[in-house]
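A.B. asks: Predicted model and sequence below, questions to follow.
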Amino acid sequence: MVGSGGDKYRSFLADKEGHETQWRHGGPPQYDLVNKLFEQERTKVMSEAGSVARFGLVWKFSVWGEGSLEEVVQNAVKSWEMEFSHKTRLGDFKTIDPQKFKLLVNGKKGISAEETLKIGSYNALLKNSNLGKELQLYRAEEESFESSHEAFASAFPRGFAWEVISVFSGPPVIVFKFRHWGHFEGTFKGHSPTGEAVELFGLGVLKVDENLKVEEVEVYYDPADLIGGLFKGESLSSDAQTSQVSGPSQGSCPFSM
């Protein structure tokens with residue numbers, strides 16, 4: 001589904017005058033569903049805004065403050081993921097340096113911007129993972145960009161939300177902890193939904209230039225937290241699989257987000 005191009009968490013959805021972005025689905029994506037999930041279930045951080053009594057203490061909660069390093073990093077990663085998921089040519093990207101960009105997962109060999117764009121972010125994150133044989137039911141090397149995004153959009157019809165938990169250092173090397181979650185409410189690779197939350201935590205490292213364009217991304221996480229939860233459902237017959245096709249993605253992703 002595409003929208004007007006405006007989103008409070010993602011930049012570069014609207015073109016500047018005289019430039020026309022090539023969008024994968026004909027126009028900028030709409031993130032209403034995953035934004036709603038994010039806002040309802042994101043981790044709260046202590047702040048002076050708002051409070052709640054718990055365990056005999058008064059805890060103060062809010063979201064990341066406007067203009068804070070945490071908010072800047074969170075929105076930058078969401079924008080980065082949006083471009084890889086929805087733009088079809090690197091010349092339209094605003095968040096990365098296409099010539100220098102590398103994506104490294106769990107210490108494995110880096111993937112170039114061209115390859116990441118070709119295979120899709122889901123496959124890029126799972127291609128070089130350390131999954132054991134028992135969890136290799138999802139084989140990234142056998143999936144296309146389209147098949148991978150369809151599979152995860154089906155599994156998470158409300159989207160796969162992403163947030164920053166904490167930031168340990170600022171530019172040019174940004175180190176942060178993240179949380180990624182969704183609700184397994186649709187079929188995945190022939191397995192029925194469980195309705196359970198699928199959640200994973202990880203560590204990210206962004207190396208950026210003086211214009212905050214990403215030159216390198218390192219991601220460390222346990223892929224079993226993702227794939228294991230999606231194969232818990234009962235195996236469906238081929239007829240049942242065909243009858244339970246999900247609607248279009250609303251901006252779900254491996255990071256976003």
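C.D. replies: Structure's in. What do you need?
A.B. asks: Strands of the chain, residue ranges please.
C.D. replies: 45-54, 57-62, 102-105, 111-112, 161-169, 173-183, 197-208, 214-221 (DSSP state E).
A.B. asks: okay if I get the ones you listed as TSV plus mean neighbour count, mean pLDDT and distance to residue 125?
C.D. replies: The C-beta positions use only the backbone N, C-alpha and C, and glycine is treated the same way. As requested, these are exported to TSV (neighbours: other CB atoms under 10 Å; pLDDT from 0 to 100; distance: least, CB to CB, whole Å):
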stretch	mean neighbour count	mean pLDDT	distance to residue 125
strand 45-54	11	46	26
strand 57-62	12	47	30
strand 102-105	20	96	6
strand 111-112	18	96	10
strand 161-169	19	96	12
strand 173-183	20	97	10
strand 197-208	17	97	10
strand 214-221	19	97	7
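A.B. asks: Ok, which of the ones you listed comes nearest residue 81?
C.D. replies: Shortest distance between residue 81 and those, using CB to CB, is found for strand 161-169: 7.5 Å.
A.B. asks: That closest one vs strand 173-183, what angle?
C.D. replies: Interaxial angle, strand 161-169 versus strand 173-183 (axes from the mean of the first three to the mean of the last three CA atoms, to 10 degrees): 160 degrees.
A.B. asks: angle of strand 161-169 against strand 197-208?
C.D. replies: Using the same axes, to 10 degrees: strand 161-169 against strand 197-208 is 40 degrees.
A.B. asks: what's the spacing between residue 231 and residue 224?
C.D. replies: Distance of residue 231 to residue 224, given as CB to CB, to the nearest Å: 10 Å.
A.B. asks: Oops, could you answer that again for residue 173 instead?
C.D. replies: 28 Å.
A.B. asks: cool, and residue 216?
C.D. replies: From residue 216 to residue 224 the distance is 25 Å (CB to CB).
A.B. asks: tally of neighbours for the nearest residue to residue 8 once chain neighbours are set aside?
C.D. replies: Computed as CB to CB, 6 or more residues apart in numbering, the closest residue to residue 8 that is not its neighbour in sequence is residue 35, at 7.8 Å. Residue 35 is flanked by 21 other residues according to other CB atoms under 10 Å.
A.B. asks: thought residue 35 was touching residue 10?
C.D. replies: No. Residue 35 is beyond contact range of residue 10, at 9.3 Å (criterion: CB atoms under 8 Å).
A.B. asks: hey, where'd the helices end up in the stretch 1-150 of the chain?
C.D. replies: Ranges of helices in the stretch 1-150 of the chain, per DSSP state H, counting those that start in this stretch, are 32-41, 69-86, 113-119, 121-127, 145-155.
A.B. asks: which regions of the chain sit below the pLDDT cut-off?
C.D. replies: 1-6, 17-18, 44-62, 128-137, 237-257 (pLDDT under 70).
A.B. asks: One more pass at 50, please.
C.D. replies: Along the chain, segments meeting pLDDT under 50 span 1-5, 46-55, 57-61, 240-252, 254.
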